[in-house]
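A.B. asks: Fold the stuff below for me.
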Amino acid sequence: MATSTPKKTRRAAARTSPSDNARIYDTFIVGAGISGLATAIKLNKAGYHNFKIIEKASRVGGTWRENTYPGCGCDVPSSLYSYSFAPSSRWSNLFAKQPEILSYLERVSDEFGITPLIEFNNALERAAWDDDAGLWRLDTSNGEYLARTVVFATGPITESRIPAIPGLESFKGEMFHSARWNHDVDLTGKRVAVIGTGASAIQFVPQIQPQTKELTVFQRTAPWVLPKPDMALGESSKQAIERFPVIQQSWRKAVAGSLNVINFGLRNPAFLKPVNVAARQLLKMQVKDPALRKAVTPNFDIGCKRILFANDYYPALQADNTSLIASGLVKVEGNTVIAANGERREVDVIIWGTGGGLQLQVQHPGLMN
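C.D. replies: Residues are numbered from 1 along each chain as shown. This is a model prediction of the structure:
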């Protein structure tokens, strides 16, 4: 979240002009995730080499490095969710999982010579525009840097967020966020509460459901969850894609075209009315119990919020050991979690699927609140 201070305060706080010995970068890139790497690669290709790229972690990858929860993957086909200048024939599925995406980003970073240019384990702490010097001053964990332009490639979902729930400090069981999955916690035979039904939760809920004794899913807002047209790509498919690049190029164009159609529908809601009708009919087929079906049916049209894709989420919700509470978590009393509608559950583990966000302290005349 960008913050700013009044111009008078900024000028009063401005430091003196940089010394002759201070290096001034043309571009400063913050983050070595999928967008930061692309920026560095494109700058290099265009002949701009006076740039600096920093990364708070010890390896590239961004959200695909941080998120390692069970079932983590992308809901955009890999043919499109990859760099146009670095296609890959190694994807195991039409929709790649997290380990393969991370491996792909590391491989591309190496192949394009970006990895040696990255200053790892260096986090941005503050970025401020110096009016007098006409430069950005960037305070990092490794010191100050100066730059004419800054690319904040930090992404919005690399930092986990746990809501401030009254009584949370009284919980005595295990608790972690999906973006910081604790793989040391064995969920076998445990009573588990999952808070949230967003993109991450619909992926890990089906993975952990068979392990748990009781699984309670807290749903504040029902999302639209549509079938995921995924399939495995065997060795013969991979070899064909490698031998005939036009296959992947054509598939990429087809996926991009279909997404553009969806984007047209988002801008023209009347166009999606038949899709809304079809989605509701599909829910009747997928969820047999009328009460559960009513609870998971969104009260808004497709496109008002992010559309999710999964084939195993609704089956997991209908499992004998799973219960859905169509309400948000509002209070914790010891190991009892309490929903806004008054429902209570005794649990051993709380898993937060509540999304994330990154806050940066940024000061610039053009970033006024």
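A.B. asks: Quick check: which ranges of the stretch 1-150 of the chain have low pLDDT?
C.D. replies: Low-confidence segments of the stretch 1-150 of the chain (pLDDT under 70): 1-21.
A.B. asks: residue ranges for the strands of it, please.
C.D. replies: 24-30, 51-54, 118-119, 124-130, 135-140, 143-152 (DSSP state E, counting those that start in this stretch).
A.B. asks: between these, which gets nearest to T188?
C.D. replies: Among the strands of the stretch 1-150 of the chain, strand 118-119 comes nearest to T188, with 39.3 Å by CB to CB. To be clear about C-beta, it is placed using only N, CA and C from the backbone, and glycine gets the same treatment.
A.B. asks: one step back: and the strands of the stretch 1-150 of the chain, which is most packed in?
C.D. replies: strand 51-54 (a mean of 22; mean count of other CB atoms under 10 Å).
A.B. asks: Can I get that strand as CSV, trimmed to CA atoms?
C.D. replies: Extracted C-alpha coordinates of strand 51-54, given in CSV (Å, rounded to 0.1, in the frame of the first residue of the first chain):
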residue,chain,number,x,y,z
PHE,A,51,20.0,-1.3,-13.4
LYS,A,52,19.9,-2.9,-10.0
ILE,A,53,17.6,-5.8,-8.9
ILE,A,54,17.2,-6.8,-5.3
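A.B. asks: Which positions in stretch 198-210 come out as buried?
C.D. replies: Neighbour counts over stretch 198-210 (16 or more other CB atoms under 10 Å) mark G198, A199, S200, A201, I202, Q203, F204, V205, P206, I208, Q209 as buried.
A.B. asks: Make a markdown table from these and add pLDDT and distance to Y145 to it.
C.D. replies: Shown next, in a markdown table, are the buried residues of stretch 198-210 (pLDDT from 0 to 100; distance: CB to CB, whole Å):
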| residue | pLDDT | distance to Y145 |
| --- | --- | --- |
| G198 | 94 | 35 |
| A199 | 94 | 34 |
| S200 | 95 | 33 |
| A201 | 97 | 38 |
| I202 | 97 | 40 |
| Q203 | 98 | 37 |
| F204 | 98 | 38 |
| V205 | 98 | 42 |
| P206 | 98 | 44 |
| I208 | 98 | 43 |
| Q209 | 98 | 47 |
